[in-house]
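Q: Just a sequence and a predicted model for now, questions to come.
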Amino acid sequence: MPVTVTRTTITTTSSSSGLGFPTTVGSARALAQPLGLLRLLQLISTCVAFSLVASVGAWTGAMGNWSMFTWCFCFAVTLIILIVELGGLQARFPLSWRNFPITYACYAALFCLSASIIYPTTYVQFLSHGRSRDHAIAATTFSCIACLAYATEVAWTRARPGEITGYMATVPGLLKVLETFVACVIFAFISNPYLYQHQPALEWCVAVYSICFILAAVAILLNLGDCTNMLPIPFPSFLSGLALLSVLFYATALVIWPLYQFDEKYGGQPRRSKDMSCSNKHPYYVCAWDRRLAVAILTAINLLAYVADLVYSARLVFVRV
């Protein structure tokens, strides 16, 4: 595929930061460059976030555990990236360095965004005033800072029009990250089988989410492993086929899921008030009707992402031709 050359030169002296001027790597001076300073901000903000929460034990339940995992995971991977760049070890890294940092930064931005929304809405607001609540609010603030820092890295290092770079830095590559992330959130909401096992049509929707997630994940892994040349067909054609198939699949799910979940003719519940599980006021509980609605919205979001992916992937095919 033609979009394979990165604008980062893997040496122990200098490379491009994606900001239009060289960045020193393989020495402590790399931290003095804009991208290095940005990653230091990411490291510090995620470290402070999970440290504040851990110091008072302010995490409980699935939502609190997710937020804590997000901050710890982002801190650990950002630390690894800094160590690799400080040591000039990009060439020895097991994954493609032209694709890995921006892929991770995009995932980290989405992870921190989810934690910044989920943690205060499902946990912090139910805490009584005191030291734990203050720490939780401060942790949420640093989570927002980390989200902005990761999003800024994506904006700085993504491909510009006419620029030659790795696939994951292009719009289709970043859309693949969004598609897999949204699918993971959908899986979280449908973790209880009772939401779909009573209807074969709803089971088809779950199959759609799973199949499309696997296809997008395969495309990402092929790029991270520099294995795109192993495909029997040109990679742009492969991407276009995946995007077209995913659009068709998600279009069926967008119709079937709301129809069978909210239409009384098909056994659905059109109003939230009819769902007895929504009377549960437990702070960490999301009722069945809310889960169904969230999946319907996320299905629409992912369909739009796949449509945009199809448009950009088709352009790559036409450019190649």
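A: Noted; the coordinates are in hand.

Q: CA only for contacts and neighbour counts going forward, please
A: Fine.

Q: Just the buried positions in the strand or helix carrying residue 151, please.
A: Assigned by DSSP states H and E, residue 151 belongs to helix 131-157. Buried residues in helix 131-157, defined by neighbour count with 16 or more other Cα atoms under 10 Å: 132-157.

Q: counting contacts, what elements does that helix pack onto?
A: helix 34-56, helix 100-122 (3 or more Cα pairs under 8 Å, 6 or more residues apart in numbering; DSSP states H and E).

Q: what's the angle between the helix or strand just after the first one and helix 131-157?
A: Counting by DSSP H and E, the element after helix 34-56 in chain order, helix or strand, is helix 61-87. With axes from the mean of the first three to the mean of the last three Cα atoms, to 10 degrees defining the directions, helix 61-87 sits at 50 degrees from helix 131-157.

Q: tell me which residues in helix 61-87 are buried?
A: Residues of helix 61-87 classed as buried by neighbour count (16+ other Cα under 10 Å): 63-64, 66-68, 70-75, 77-79, 81-82, 84-86.

Q: now do stretch 234-250
A: Buried residues in stretch 234-250 (16+ other Cα under 10 Å): 235-240, 242-247, 249-250.

Q: how near is residue 152 to residue 116?
A: Per Cα to Cα, to the nearest Å, residue 152 is found 16 Å from residue 116.

Q: before we move on, what about residue 59?
A: Counting by Cα to Cα, the gap from residue 59 to residue 116 is 13 Å.

Q: can you tell me the average pLDDT over the following helix or strand past the helix holding residue 151?
A: Of the helices and strands lying after helix 131-157 in sequence (DSSP H and E), the nearest is helix 171-189. The average pLDDT for helix 171-189 rounds to 94.

Q: And for stretch 238-247?
A: 94.

Q: hmm, what's the outermost residue in this protein?
A: residue 265 (36.1 Å; Cα atoms, centre = their mean).

Q: just to revisit the earlier point, now the helices and strands packed on helix 131-157 in TSV, with mean neighbour count and mean pLDDT?
A: Shown next, in TSV, are the helices and strands packed on helix 131-157 (neighbours: other Cα atoms under 10 Å; pLDDT from 0 to 100):
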stretch	mean neighbour count	mean pLDDT
helix 34-56	20	93
helix 100-122	21	93
